[in-house]
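Chemist: Build me a model:
(one chain, ligands or ions: 1)
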Amino acid sequence: MRRVPNRDLRADSLPGVGTLVNEPAYVALVKEHGRERVVEAIRAQIARERAGGGDESSRRDAVEARLRAGVAPRLRRVINASGVILHTNLGRAPLSKAALDALAVAAGYSNLELDLETGKRGERATLVSGLLTALFGGEAALVVNNNAAAVLLALTALCRGREVLVSRGQLVEIGGAFRMPDVMRLSGARMVEVGTTNRTRASDYEEAITPRTAAILRVHTSNFRVTGFTESASLPQLAEVARRRGALLIDDLGSGAVAALGDEPTVGESVAHCDVVAFSGDKLLGGPQAGIVLGKEEVVRKMSRHPLARAVRVDKLTLAALEATLRQRLTGHEEEIPVERMLRASVEDVRRRAAFWSVKLADRGVETELVDGTSAVGGGSLPEHPLPTVLLALRGPASKLATALRRGDPAVIARIEGDRCCLDGRTVLKGEDETLLDAVEAAASTIKR
Ligand SMILES: *Cc1c(COP(=O)(O)O)cnc(C)c1O
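Modeler: Here you go, the predicted model:
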């Protein structure tokens, strides 16, 4: 006689899914999650039991846990105590209160593409043009999905089938596989490299210009710097060469500094010299993810009429948040924009906050110490412009503490420095202090246990 393995015997004793789902124990689950999902969860759980995991006594609870896990929100709030202001993994710029309020307006019906005065069709992409040109100068503005899209659109609409000159020192890869040579190929423009990795002069561009040249592209090297024996052409020099030889000057600014900040080029300066300037909405501007384009009227119009513009168009929620952020900047309320507040916080501001946390945590039995350190702007801005800060170092095993904080609710992202788990108050939002202290106390107690 053939031996039947044990596993099969157990399997045979399991009831059918169709029978189980009708049992009283599952009625409430079916009501909450729907019959189909419950059947699927029971089936998966039984398969697990067959494989030796779990048994009948805990089956209903296991099915419920499975159902809940399946619909638990994956996107969760995080307290950023890492000290990196524009942390791409944490969603870059946190929005201002005014931007949040604007999201609620755009969430319903709005005049997104309707001129309420004339009743005629309006253009969403130009809804914030006036604010942008008022803030940064330039003749016209356009907003698209993100800066990568803005650069791709500029190259496609303005340079397809022609040549674009780029310095060999600027053929960079920005995080997330945005590689300049690849973007260029995608646009259908032909890239012509000029100069060398460390030195490119205005004359290098000049000599490479031919009747086939559509544009000179300048790319901000973001989180990468060539130092030492270097040379690059200034914007006024490039503008002069481009104008004289009938080429466009396109600037991929990356971060787009609103005001002078370290060696970061400002948007205004770039707009004054270039035909097209593109930068991100969620980097130094402190708004939502967006690609902001500023430049000469005719050039921007050409971009906005290209079919690709429709494929990379900006979403209504983004526009609403961007408009609110720009209005705050234009009316002198920049300090209400979280990114701006974090950039401007003095080391004394941060020290005061860390000292306050330290006292509060001592009351709760958590030992800490203040240490000097640096915060980072992040997002590819100012890699060599660290901001002095004061860190709150937690006593205890650094990596275990950081993990416990990250797994907490809300999650706290700390930073390990010199073998210690540190919290940088510069990037913790206003009003998050009490929640943070609760989270730290909870994390510390899991370590003690
Ligand atoms: C960040 C960055 C980009 C990409 O911008 P996104 O808004 O993330 O698409 C492109 N170019 C430069 C120079 C950048 O710094």
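
Chemist: State the mean pLDDT of the helix or strand hosting G268.
Modeler: Here G268 sits within helix 267-273, counting by DSSP states H and E. For helix 267-273, the mean per-residue pLDDT is 97.

Chemist: Equivalent analysis for stretch 40-49, please.
Modeler: When pLDDT is averaged over stretch 40-49, the result is 92.

Chemist: where does the stretch 101-250 of the chain come near the ligand, residue by residue?
Modeler: Applying CB under 6 Å from any ligand atom, we find that the stretch 101-250 of the chain lies next to the ligand at N146, N147, A148, I174, F178, V219, H220, S222. Using the backbone N, CA and C atoms, a C-beta is placed for each residue, glycine as well.

Chemist: now these as JSON lines including secondary structure and neighbour count?
Modeler: Converted to JSON lines, these look like this (DSSP: H, G, I helix; E, B strand; the rest coil; neighbours: other CB atoms under 10 Å):
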{"residue": "N146", "secondary structure": "coil", "neighbour count": "21"}
{"residue": "N147", "secondary structure": "helix", "neighbour count": "27"}
{"residue": "A148", "secondary structure": "helix", "neighbour count": "19"}
{"residue": "I174", "secondary structure": "strand", "neighbour count": "24"}
{"residue": "F178", "secondary structure": "strand", "neighbour count": "17"}
{"residue": "V219", "secondary structure": "strand", "neighbour count": "20"}
{"residue": "H220", "secondary structure": "coil", "neighbour count": "23"}
{"residue": "S222", "secondary structure": "coil", "neighbour count": "21"}
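
Chemist: And the strands in the stretch 1-150 of the chain, which stretches?
Modeler: Per DSSP state E, counting those that start in this stretch, the stretch 1-150 of the chain carries strands over the ranges 78-80, 84-86, 140-144.

Chemist: any chance of these in TSV, plus mean neighbour count and mean pLDDT?
Modeler: Converted to TSV, the strands of the stretch 1-150 of the chain look like this (neighbours: other CB atoms under 10 Å; pLDDT from 0 to 100):
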stretch	mean neighbour count	mean pLDDT
strand 78-80	22	98
strand 84-86	25	96
strand 140-144	25	97
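
Chemist: I'd like those written out as JSON lines, with distance to S375 added.
Modeler: Shown next, in JSON lines, are these (distance: least, CB to CB, whole Å):
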{"stretch": "strand 78-80", "distance to S375": "11"}
{"stretch": "strand 84-86", "distance to S375": "7"}
{"stretch": "strand 140-144", "distance to S375": "29"}
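
Chemist: What is the least confident helix or strand in the chain?
Modeler: helix 6-13 (a mean of 48; mean pLDDT, DSSP states H and E).

Chemist: hmm, back to that, out of the residues of the stretch 101-250 of the chain next to the ligand, show me where the pLDDT dips lowest.
Modeler: Lowest pLDDT among these: S222, 75.

Chemist: In contact with the closest residue to that residue other than its chain neighbours, which residues?
Modeler: Closest residue to S222 apart from its sequence neighbours, by CB to CB, 6 or more residues apart in numbering: G380 at 3.1 Å. Counting by CB atoms under 8 Å, 6 or more residues apart in numbering, G380 touches L86, I174, G175, H220, S222, N223, G254, S255, K283.

Chemist: How about residues contacting the helix or strand following the helix holding G268?
Modeler: Following helix 267-273 in sequence order, the next helix or strand is strand 276-280 (DSSP H and E). Identification of contacts with strand 276-280 by CB under 8 Å, 6+ apart yields 92, 138, 146-147, 150-151, 154, 158, 248-256, 267, 270-271, 285, 289-296, 299-300, 303, 379.

Chemist: one step back: output the contacts of G380 as a markdown table; include the columns distance to A393.
Modeler: Output for these, formatted as a markdown table (distance: CB to CB, whole Å):
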| residue | distance to A393 |
| --- | --- |
| L86 | 24 |
| I174 | 33 |
| G175 | 29 |
| H220 | 34 |
| S222 | 30 |
| N223 | 26 |
| G254 | 33 |
| S255 | 30 |
| K283 | 29 |
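
Chemist: Of these, just say which sits nearest to the ligand.
Modeler: G254 (2.5 Å; CB to the nearest ligand atom).

Chemist: mind listing what the closest residue to that closest one other than its chain neighbours touches?
Modeler: Of all residues not flanking G254 in the chain, H220 sits nearest, at 3.8 Å (CB to CB, 6+ apart). Residues near H220 by CB under 8 Å, 6+ apart: Q170, D251, D252, L253, G254, S255, P265, G380.

Chemist: The ligand: which of these is nearest?
Modeler: Using CB to the nearest ligand atom, G254 comes nearest to the ligand of those, at 2.5 Å.

Chemist: ok, and what's touching the biggest strand by length in the chain?
Modeler: Identified as the longest strand of the chain according to DSSP state E is strand 368-378. Outside strand 368-378, the residues that touch it by CB under 8 Å, 6+ apart are 83-88, 261, 284, 342-343, 350-351, 354-355, 357-358, 361-362, 385-395, 417-418, 420, 422, 424, 426-427.

Chemist: what comes up buried for that strand?
Modeler: Judged by neighbour count using 16 or more other CB atoms under 10 Å, the buried positions of strand 368-378 are T368, L370, G373, S375, A376, V377, G378.

Chemist: So which of those residues sits lowest on pLDDT?
Modeler: G378 (87).

Chemist: For that residue, give its distance to A69.
Modeler: Using CB to CB, to the nearest Å, we find G378 at a distance of 32 Å from A69.

Chemist: For the stretch 251-400 of the chain, which residues score under the pLDDT cut-off?
Modeler: Across the stretch 251-400 of the chain, residues meeting the criterion (pLDDT under 70) sit at 381-384.
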